[in-house]
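Engineer: Sharing a sequence plus its predicted fold:
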Amino acid sequence: MSASFDAVVVGAGPAGSAAALVLARGGRRVALLERGPFPGSKNMYGGVVYGRVLDQLIPGWWDEIPVQRWVTRRATMVLTDTQALTIDFRTERWGEAPYNGCTTLRPEFDSWLADRAVAAGAVLITSTTATSLRRDPNGRVSGVTTDRPDGEIEAPIVIACDGVNSFLAKEAGLYHHPEPEHFTLGAKEVLALPREVINERFGLTGDQGADYEILGGTGAVPGGAFLYTNAESVAVGVVLQLPALGRSGRRPEQYIADVKSHPAIAPLVAGGELKEYSAHLIPEGGYDAMPGLTADGLLIAGDAAGLCLAAGIWLEGVNFAIGSGAAAGDAALEALAAGDTTAAGLAGYRRRLEASFVLKDHKKLRRAPGLVLSPRMQQMYPAVICDMIEAMFTVDNPAAKPGARRLMRQQLKARKVKLRHVASDAWAAVRTFG
Amino acid sequence: MTKSRASLPEVAFEDRMALVEFRVAPTPHIVVDGDQCRGCTTRECVTACPANLFVPTSDGGILFNYEDCFECGTCYMICNTKGAITWNYPEGGHGVVFRKS
């Protein structure tokens, strides 16, 4: 199988397929390696593909992608053990072209995007694991070794889209020291329910879908939860910060069971038959935890580059993978045309990312991971907010209605929260999200 | 969360894992050094592995099975004992195959 290409892309997830698509369209010979038997077979996610990033890449994408449902209802829930506060937004606009986001099954979505790269001329090689980087006599990356017999692939550019564990980025020394607290475990159940039942429970019609992002609900472990609708199943899962999960003494499936049995969630998932249980790591460290993105002959994109946006009210990854993969493809085309595939020749990659949402969003939200995963944000504030709202709406006659300020003071005092902490968190939130 | 609240009737763990397709590779992609594990008291891997592949033994070691692995990487990331867990991807075409994720 020893072969040579203009570029080899490792991993046929959304980042890799976007990169291969761009390179193939640019007339370059590109190999797209996938260690699974088909693209998407190793992948899982927390629910929504936001398609705007595809507008340039695949115009009219919404007519051909393997969609489960178009998300028209987007809710953010704050949970305590016995309470739930939900901000529930819906719009008919997201249910029609050009759409906003959809739910999909990753094996189907990833296979579709890889097929687009293949149609453009990329060579997809499945069931093949890249085991190490090859280097030329100058020490520059010059291809990969795979686990196929005689499986060396020579290429002046390697684009590593080999996922959150990226052994290639680590081998290249781009990850200095990945800290476990920058990673969360996502664990998910897919529960079969009839389409009509889903529509009735979630207030949807036709192929409209719902996506719930949940803050709180994971006890002492920083993280969160999610719930979204497929065509004929609902998916419910948790996101758990690694070191805290390990210390907690409770297992991932127990946290899923907690969320499923919460009074606000239980009626939505009741009677669903478990179809698949899955798990995957999520790089949540954000901008400040990102590895280096470029080396001589090497670019890294997608989860491999830590490009998941986990900022509490936003949880996005597939769009960042596609955006970074396409930028890597463009930068590789530029470097090949100029005949300079060193890190300097590939500098267009970072420049493109900085000019696009990929690094703009991450830079703007660089404080979000620390803020969102802090104990106050995870446990204290959900309880304070829910108790305040409960007190606001509890009619306590003959007592008169309490003022909001007094309620807030009482809550903070009862929980020994210092006003200066609230003020500093509020300021951090304004700086982060404002 | 509330411990008093009755959890939903849960699927037995082996039934849960039986729903997932695994194309088991002939050689293990994860190697656990049981000698290193004997000194470990925290055993984060036992708690955190979503596939529940790490089982403590009565003699203080860890019994490990690679066959039903999601290939997530949690175990080696969370392990505090240097060198106890050696982790790689399984050979191409093998390992977990998600269908509905």
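Structural biologist: Everything's here; your move.
Engineer: For A:Leu307, grab the count of nearby residues.
Structural biologist: The local packing count at A:Leu307 equals 28, with neighbours defined by other CB atoms under 10 Å in any protein chain shown. For every residue, glycine as well, the C-beta is placed using N, CA and C.
Engineer: which parts of the helix or strand of chain B with the lowest mean pLDDT are buried?
Structural biologist: For chain B, scoring each helix and strand by mean pLDDT, DSSP states H and E identifies helix B:34-38 as the least confident one, at a mean of 87. Residues of helix B:34-38 classed as buried by neighbour count (16 or more other CB atoms under 10 Å in any protein chain shown): B:Gln36, B:Cys37.
Engineer: Just after that helix, pick out the following helix or strand.
Structural biologist: Following helix B:34-38 in sequence order, the next helix or strand is helix B:44-48 (DSSP states H and E).
Engineer: Can you tell me which residues in the stretch 251-400 of chain A are near chain B?
Structural biologist: With CB under 8 Å from any CB of the partner chain as the criterion, the stretch 251-400 of chain A comes near chain B at residues A:251-253, A:257-258, A:260-262, A:266, A:274-281.
Engineer: Counting by contacts, list what the least confident helix or strand of chain B packs against.
Structural biologist: Helices and strands touching helix B:34-38, as assessed by 3 or more CB pairs under 8 Å, 6 or more residues apart in numbering or on different chains; DSSP states H and E, are absent.
Engineer: give me every residue that touches the residue of the stretch 251-400 of chain A at minimum distance from chain B.
Structural biologist: Relative to chain B, the nearest point of the stretch 251-400 of chain A is A:Ala279 (3.6 Å; CB to the nearest CB). Contact criterion CB atoms under 8 Å, 6 or more residues apart in numbering or on different chains gives A:Met44, A:Leu185, A:Gly186, A:Ala187, A:Lys188, A:Pro252, B:Pro50, B:Ala51, B:Phe70, B:Cys72, B:Thr74 as the residues in contact with A:Ala279.
Engineer: Buried residues, whichever strand or helix holds it. List them.
Structural biologist: According to DSSP H and E, A:Ala279 maps onto strand A:273-283. By 16+ other CB under 10 Å, the buried positions in strand A:273-283 come out as A:Lys275, A:Glu276, A:Tyr277, A:Ser278, A:Ala279, A:His280, A:Leu281, A:Ile282, A:Pro283.
Engineer: now, which of those sits nearest A:Gly403?
Structural biologist: Using CB to CB, the shortest approach to A:Gly403 within the buried residues of strand A:273-283 belongs to A:Ile282, at 41.3 Å.
Engineer: Using PDB, write out every CA atom in the longest helix belonging to chain A.
Structural biologist: Here the longest helix in chain A is taken by residue count, with DSSP state H as the criterion, and it is helix A:318-338. This file holds the C-alpha atoms of helix A:318-338, laid out as PDB (Å, rounded to 0.1, in the frame of the first residue of the first chain):
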ATOM      1  CA  VAL A 318     -18.900  19.700  14.600                       C
ATOM      2  CA  ASN A 319     -19.100  23.200  13.200                       C
ATOM      3  CA  PHE A 320     -15.600  24.100  14.700                       C
ATOM      4  CA  ALA A 321     -14.300  20.800  13.200                       C
ATOM      5  CA  ILE A 322     -15.600  21.600   9.700                       C
ATOM      6  CA  GLY A 323     -14.400  25.300  10.000                       C
ATOM      7  CA  SER A 324     -10.900  24.300  11.100                       C
ATOM      8  CA  GLY A 325     -10.600  21.400   8.600                       C
ATOM      9  CA  ALA A 326     -11.600  23.600   5.700                       C
ATOM     10  CA  ALA A 327      -9.100  26.200   6.800                       C
ATOM     11  CA  ALA A 328      -6.400  23.500   7.000                       C
ATOM     12  CA  GLY A 329      -7.300  22.400   3.500                       C
ATOM     13  CA  ASP A 330      -7.000  26.000   2.200                       C
ATOM     14  CA  ALA A 331      -3.700  26.600   4.000                       C
ATOM     15  CA  ALA A 332      -2.300  23.300   2.600                       C
ATOM     16  CA  LEU A 333      -3.300  24.300  -0.900                       C
ATOM     17  CA  GLU A 334      -1.500  27.700  -0.400                       C
ATOM     18  CA  ALA A 335       1.600  26.000   0.900                       C
ATOM     19  CA  LEU A 336       1.700  23.400  -1.800                       C
ATOM     20  CA  ALA A 337       1.300  26.100  -4.500                       C
ATOM     21  CA  ALA A 338       4.200  28.100  -2.900                       C
END
